[in-house]
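Asks: What follows is a predicted protein model with its sequence.
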Amino acid sequence: MNTASIDFRFLAESDGSPLLVFNHKGHILYLNDAAEILLGYADHKELFQIALTHAPRDFGTQTVMMELHYHQLQFYAITVAYNSEEWVSIRLYYRPRIAEEHKLDSSHLRETDLNLLLDMAIGFYQVKNRGKVRLMTDRDLPTFLTDQNTASRLLRKALESFTSDATLEISLRMVPGEYILIDGKRHPVLRLTFRGVPRRRHDDRTMEELAESIGAAPYFEEDELILDLPFIRA
Amino acid sequence: MSDYLQSKNPTVRQIEESLKLTRNLFISSLLYGEPHSGKRTLIRRIFPTLPIVDAREERELAQLLEREQELIVENFDAISSPEPLPLEGKRIVAIADIDTVPERYDTLFAFLYRMPPLRERHEDLPAFQERFLEEARRTLQLAHTPEPGTVKPDLSGNFLSFRASIFREALLQDLGAEELERSLLHYFLETLEGNNAYRENLGLLERPLLQAGLRRFGSQLKLADVLGINRNTLRKKLHEYRID
């Protein structure tokens, strides 16, 4: 067998490391699935600048060890490659993460519609806050198991950290390829992102504790809060 | 409950909508606020079949929390140490007659709603006033009910004082001469004393008489005519009672 029958595009697309190819103006010519996730957090113009800065002098490739953090996505190195004036590519290497294993008290797990919890929490938030809340969610999301009381408290705290009259954007989606390990079992990740004005940080510690008790992982930014929830099938 | 009056206040509406969602969730919620602000009525309307327990009955509360998965707990603020209560994993709706909640409640409840007092719910007053006036007319068998604009509601004790003030006013405005006399008789029997009681108590008749006369006839000239007294006498009386 020769290599002609190998689908290299498929290999690139399914590779776990983000790969982007830009034209000379910085427009994206190609990106794989992992890069699509990365662009949810990173600006493609910034990535293009990084590629230009670290490109080899002549045609070829250059790997540079460098720390890049985009929210919870952490990279330790990049490879910049080009063999034409028409394009340049950048590949980012994930810092290996120690699989963080959670323990969970299963006695309070109930079959839950996360959209219902969100509606409740947003309703509560809007009793005190006149700012707009824009929710992007999948209403057909299947139910999953969680401790509803603790999850509700966590959502309340998350929303309250944005107390303001400004618009708050919330998005909910399943994250392909990522999982949370609980009691030795892998569970897909439901990612809740809250984005708005600068947050109040005084309840971050409490949120960490609440998240820990339901097997979730919070990521705190100045104007953004991400909650990765374990999608434990009902 | 067909006679339930839906609040027009946006905060109360939002609380109602949020609490309705908890009918499908096992979470603990607290509705707190000043006494008689309508918390129990709202909760019983949203959860008509839930068992209710008074938190002052500690033993009964403990037994029900062990046994039931869903419960309304009234007078939650009466519990001195609520932390060990097994509220997790249940549908608990607690009610507390307090206007600010202790910080420790934050760890117990998923959501803590503050019911606004009536003085912050002006959009609700006309409908309730009309309701109470009608109730007063029926209960007290009044010949007529006062116009809503002539009643000054007392909101200091929320629905309790509001309703009482309307009943009182409706009754007062319906009294006839004979009832007024009986009322005065009772009053004098209770209060008459001193050495100048005649002059002191004359104002009970003269002051409202002059105030009503001025309001009804507009001019002192006409009022003096109606009362059958001299204009100077009327002016002197108005001055004496500081009526403009």
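Replies: Received, thanks.
Asks: Mind pulling up the pLDDT for the closest residue to B:Ser29 other than its chain neighbours?
Replies: Computed as CB to CB, 6 or more residues apart in numbering or on different chains, the closest residue to B:Ser29 that is not its neighbour in sequence is B:Phe111, at 4.8 Å. For the C-beta atoms, the positions are set from N, CA and C on the backbone; glycine is no exception. Here the pLDDT value assigned to B:Phe111 is 95.
Asks: Could you measure from the closest residue in space to B:Lys8 that isn't next to it in sequence over to chain A?
Replies: Leaving aside its chain neighbours, B:Lys8 sits nearest to B:Glu123 (4.2 Å; criterion: CB to CB, 6+ apart). Between B:Glu123 and chain A the computed distance is 16 Å (CB to the nearest CB, to the nearest Å).
Asks: where does B:Glu123 fall, helix, sheet strand or coil?
Replies: helix (DSSP: H, G, I helix; E, B strand; the rest coil).
Asks: Count the residues that sit near it.
Replies: Here the number of neighbours of B:Glu123 (other CB atoms under 10 Å in any protein chain shown) works out to 11.
Asks: pretty sure it is touching B:Thr11, no?
Replies: No - shown here, B:Glu123 and B:Thr11 do not form a contact pair, counting by CB atoms under 8 Å, at 10.4 Å.
Asks: Next, the contact list for B:Arg67, please.
Replies: With CB atoms under 8 Å, 6 or more residues apart in numbering or on different chains as the criterion, no residue contacts B:Arg67.
Asks: Tell me the confidence at the nearest residue to B:Leu50 once chain neighbours are set aside?
Replies: Counting by CB to CB, 6+ apart, B:Ile72 is the residue found nearest to B:Leu50 once chain neighbours are left out, at 4.9 Å. At B:Ile72, the model reports a pLDDT of 97.
Asks: Tell me how many other residues crowd B:Asp77.
Replies: That count, for B:Asp77 with other CB under 10 Å as the rule, works out to 19.
Asks: what's the neighbour count on the nearest residue to it once chain neighbours are set aside?
Replies: Of all residues not flanking B:Asp77 in the chain, B:Ala96 sits nearest, at 4.1 Å (CB to CB, 6+ apart). Neighbourhood size, B:Ala96 [other CB under 10 Å]: 24.
Asks: And A:His102, by the same measure?
Replies: Neighbours of A:His102 (other CB under 10 Å): 17.
Asks: Model confidence score at it, please.
Replies: A:His102 is given a pLDDT of 71.
Asks: beta partners of it?
Replies: On the basis of DSSP bridges, A:His102 is bridged to A:Ile182.
Asks: Show the backbone phi and psi for the residue nearest to B:Asp77.
Replies: phi -140, psi 130 (degrees, to the nearest 10).
Asks: Quick check: it vs chain A, distance?
Replies: B:Ala96 is 17 Å from chain A, by CB to the nearest CB.
Asks: Model confidence for that residue, exactly?
Replies: 97.
Asks: how about it, what does it touch?
Replies: B:Leu30, B:Leu31, B:Tyr32, B:Asn75, B:Phe76, B:Asp77.
Asks: Could you export those as TSV, including secondary structure?
Replies: As requested, the contacts of B:Ala96 are exported to TSV (three-state DSSP):
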residue	secondary structure
B:Leu30	strand
B:Leu31	strand
B:Tyr32	strand
B:Asn75	coil
B:Phe76	helix
B:Asp77	helix
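Asks: Please indicate which of those residues are buried?
Replies: Buried members of the contacts of B:Ala96, scored by 16 or more other CB atoms under 10 Å in any protein chain shown, are B:Leu30, B:Leu31, B:Tyr32, B:Asn75, B:Phe76, B:Asp77.
Asks: can you pull the contacts of the third one?
Replies: Spelled out, it's B:Tyr32. Contacts of B:Tyr32 (CB under 8 Å, 6+ apart): B:39, B:76-77, B:95-99, B:101, B:112-115.
Asks: Out of those, which is nearest to A:Arg191?
Replies: Lowest distance from A:Arg191 to those (CB to CB) belongs to B:Leu112, with 27.3 Å.
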